[in-house]
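A.B. asks: Dropping the sequence and predicted coords here.
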Amino acid sequence: MSQEGLPVKQGLYDPEFEHDSCGVGFVVNLNGVKSHLIINQGLEVLSNLAHRGACGCDPETGDGAGILVQIPDEFFRKQCGDVGFKLPSSGEYGVGMVFLPQDAKNRKSLENLLEKVVIKEGLSFLGWRTVPVNNKAIGRLAQESEPIIRQLFVGIGSSACRNNKDLDRKLYVIRKLAESESENQKLSGIQNFYIASFSTGTVVYKGLLTAEQIPAYYVDLVNPLFKSALALVHSRFSTNTFPSWELAHPYRYLAHNGEINTLRGNRNWMRARSGTLSSDIFGSDLNKLFPLVSETGSDSATIDNALEFLVQGGRSLPHAMMMLIPEAWHKDSQMSPEKRGFYEYHSFLMEPWDGPASIAFTDGIRIGAVLDRNGLRPSRFIVTKDNLVVMSSEVGVLEVPQEDILEKGRLQPGKMFLVDTQQGRIIDDTEIKRTTSTQQPYRVWVENNRVKLSDLPLVTSGNKKIKNLLQQQQAFGYTIEDLRILMTPMGKEGEEAVGSMGTDTPLAVLSNKSPLLFNYFKQLFAQVTNPPIDSIRENMVMSVEIHVGSEENLLAETPRHASLLSLPCPILTNVELERIRKFESSIFRTNFQKCIYHKLRI
């Protein structure tokens, strides 16, 4: 088994194709008032999302469920005092929720590793607390892979941390170092080593459980002193995957219902841009963070890694989410120039993490949700007269009398819903986007630096008269069927031929002929049920535009980031290629043709 609890790559199975579809929701007190009632309401939402989750052949072992809450300071203060150590003031310590192996020797090795890294990074090791659990409440298969769950408490110590943001950033570095060190020491082969959360603000209770088993298994959650102003919950249906304790949601910042279809490309680009990174915030700690995202975890785990990196790197939570899940902006004529400039500028920095998705996210102070630009996942919310906000995959997850409901609605495609418990209000999508898109002159940077293919000087056509047409068609793999069924209707009617859904065409790699190059590539479609997209809506939300040029530092924002050439389509005509070949400027010169080849080849 791999570290993530998945089988190793074998035969026709590859863990990189793991996906899931689930139920997600949150409950939050608008004014940030902590109470045990919020915990109970979050668990009620989770219980009512049980049908969104799943179980295997053992009906008592779920695909995964969990709850993310604010750190219950009063509760932890008493519990840590009972086991022999005191906690600093709230916000001056962090809590790590750590899954450890059952084997005592291996467990001790990992605990020593974590303590060593904490001290080496200048923080103070305060102590361990074993999380009390009732494993009689869970299924047989869940028991077989059950970890020992312990909480690691860490203080500021001699580090240069000035506030909880600095401490959170240091905890992030420590977690990444511990993960890397465990692999270097061959400890990653030990099952059940995983840090579910490590923060000054939030803590995650999750596992290979059903929704109803969460409060029965985790004894902490039923203690009246266990209080929070928000609760983010998730019930997992792993669809075609292998469930595990680690892959249960919520993750450290988000819970996800849907699928990231572009995962392979997202991972490749995060790996590729690692060499251009620099950061005044991280300083020398930056090199301790690689790899930035999981190469083997689920799509949800990977996008959580990316969100965490962007937030810890200095961007606000809404800003980071707008980069990862942008709305459809290319053909929205009613979008403000500033917001369009923001999205276009950030498309130069990062590609969308695309696919049908509803993502709920939080940093412990702000909590919200965003819907993919197609709107292919449901998300509903209500606001009550006593300042309770409930968001979920569906309505009716929390019983609230109709006369107590102040407002109700649903997330729109590409829109964001955000509750700020510090400000005590719901921040409208329009305000979020306006504030974020005007914090830098993004539109001006784009207009002054981005070059469009249509702006390049015209050149004479390099097209030559085709000789020996039949011979060339044969050389490039065209068949009579291609000409009759595909090419002729396109030439006559100016539209793609209509055919039945699906294809029985054998794989190009198995052919004894020489198929066209693009026949070797297949699009990665969603593996969960999605409604069909009509051609009108598809035209509004889809784009094949690409940008070529040098990659800049993802953690910075400068006018130079917009110094790229925009191509409306990755396929170029001979004339377009000639225009690019002869284009010279202070930015695009000697390596420009090589850059285009490299970008398109990837």
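C.D. replies: Arrived safely. Numbering: from 1, shown residues only.
A.B. asks: and Ala196, which of the three is it?
C.D. replies: Here Ala196 takes the strand state, with states given by DSSP: H, G, I helix; E, B strand; the rest coil.
A.B. asks: I figured it hits Val204, correct?
C.D. replies: Yes - here Ala196 lies in contact with Val204, judged by Cβ atoms under 8 Å, at a distance of 4.6 Å. C-beta coordinates here come from the backbone N, C-alpha and C atoms, glycine included.
A.B. asks: Which neighbours do the two have in common?
C.D. replies: Contact criterion Cβ atoms under 8 Å, 6 or more residues apart in numbering; residues shared by Ala196 and Val204: Met97, Arg252.
A.B. asks: got a list of what the closest residue to Arg579 other than its chain neighbours touches?
C.D. replies: With sequence-adjacent residues excluded and distances taken as Cβ to Cβ, 6 or more residues apart in numbering, Arg579 is closest to Leu456, at 4.4 Å. Leu456 makes contact with Arg579, Ile580, Phe583, according to Cβ under 8 Å, 6+ apart.
A.B. asks: Mind checking which of the residues you listed are in helices?
C.D. replies: Arg579, Ile580 (DSSP state H).
A.B. asks: Distance to Val69 for the contacts of Leu456 - can I get that in a markdown table?
C.D. replies: Listed next are the contacts of Leu456 as a markdown table, based on distance: Cβ to Cβ, whole Å:
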| residue | distance to Val69 |
| --- | --- |
| Arg579 | 57 |
| Ile580 | 53 |
| Phe583 | 55 |
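A.B. asks: Counting by contacts, list what the top helix by length along the chain packs against.
C.D. replies: For the chain, the longest helix by residue count, based on DSSP H, is helix 164-184. Helices and strands touching helix 164-184, by 3 or more Cβ pairs under 8 Å, 6 or more residues apart in numbering; DSSP states H and E, are strand 93-100, helix 104-120, strand 194-199, helix 299-312.
A.B. asks: The first one pairs with which strands, and in what direction?
C.D. replies: What that stands for is strand 93-100. Paired neighbours of strand 93-100 in the sheet (DSSP bridges): strand 148-155 (antiparallel), strand 194-199 (antiparallel).
A.B. asks: circling back to that earlier point, quick one: the residue nearest to Arg579 and Glu576, what's the gap?
C.D. replies: Going from Leu456 to Glu576 by Cβ to Cβ, to the nearest Å gives 8 Å.
A.B. asks: how near is the nearest residue to Ser454 once chain neighbours are set aside to Asp332?
C.D. replies: Of all residues not flanking Ser454 in the chain, Pro568 sits nearest, at 7.9 Å (Cβ to Cβ, 6+ apart). Counting by Cβ to Cβ, the separation of Pro568 from Asp332 is 17 Å.
A.B. asks: So which residues of the stretch 151-300 of the chain form helices?
C.D. replies: 164-184, 213-217, 263-272, 299-312 (DSSP state H, counting those that start in this stretch).
A.B. asks: In contact with the closest residue to Phe309 other than its chain neighbours, which residues are there?
C.D. replies: Nearest non-adjacent residue to Phe309, counting by Cβ to Cβ, 6+ apart: Leu292, 5.3 Å away. By Cβ under 8 Å, 6+ apart, the contact list for Leu292 reads Met270, Arg271, Ser274, Asn305, Ala306, Phe309.
A.B. asks: What is the nearest of those residues to Glu92?
C.D. replies: Closest approach to Glu92 among the contacts of Leu292 (Cβ to Cβ): Phe309, at 24.1 Å.
A.B. asks: Can you give me the pLDDT of that closest one?
C.D. replies: Note on Phe309: pLDDT of 98.
A.B. asks: which of the contacts of Leu292 lies closest to Met323?
C.D. replies: Nearest to Met323 out of the contacts of Leu292 is Ala306 (Cβ to Cβ; 8.9 Å).
A.B. asks: burial count for the residue nearest to that closest one when sequence neighbours are not counted?
C.D. replies: Distance criterion Cβ to Cβ, 6+ apart; nearest residue to Ala306, sequence neighbours excluded, is Val293 at 5.6 Å. If you count neighbours by other Cβ atoms under 10 Å, Val293 ends up with 22.
A.B. asks: Ok, Arg366 next?
C.D. replies: Arg366: 19 neighbours (other Cβ under 10 Å).
A.B. asks: got the contact list for it?
C.D. replies: Contacts of Arg366 (Cβ under 8 Å, 6+ apart): Leu317, Pro318, Leu418, Val419, Asp420, Thr421, Gln422.
A.B. asks: That one pairs with what?
C.D. replies: With DSSP bridges as the rule, Arg366 is bridged to Asp420.
A.B. asks: That one and Leu123, how far apart?
C.D. replies: For Arg366 relative to Leu123 (Cβ to Cβ), the value is 25 Å.
A.B. asks: ditto for Phe282
C.D. replies: Using Cβ to Cβ, we find Phe282 at a distance of 16 Å from Leu123.
A.B. asks: try Asn519
C.D. replies: From Asn519 across to Leu123, the span is 55 Å (Cβ to Cβ).
A.B. asks: Kindly report the same for Val389.
C.D. replies: 34 Å.
A.B. asks: What of Ile149?
C.D. replies: Going from Ile149 to Leu123 by Cβ to Cβ gives 22 Å.
A.B. asks: can you pull the contacts of the spatially most central residue of the chain?
C.D. replies: Closest to where the C-alpha atoms of the chain average out (Cα atoms, centre = their mean) is Ile303, at 1.9 Å. By Cβ under 8 Å, 6+ apart, Ile303 lies in contact with Leu254, His256, Ile260, Asn266, Leu324, Trp353, Ile359.
A.B. asks: got JSON lines for those residues, with neighbour count and pLDDT too?
C.D. replies: Listed next are the contacts of Ile303 as JSON lines, based on neighbours: other Cβ atoms under 10 Å; pLDDT from 0 to 100:
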{"residue": "Leu254", "neighbour count": "26", "pLDDT": "96"}
{"residue": "His256", "neighbour count": "28", "pLDDT": "90"}
{"residue": "Ile260", "neighbour count": "26", "pLDDT": "88"}
{"residue": "Asn266", "neighbour count": "22", "pLDDT": "94"}
{"residue": "Leu324", "neighbour count": "24", "pLDDT": "97"}
{"residue": "Trp353", "neighbour count": "23", "pLDDT": "94"}
{"residue": "Ile359", "neighbour count": "28", "pLDDT": "94"}
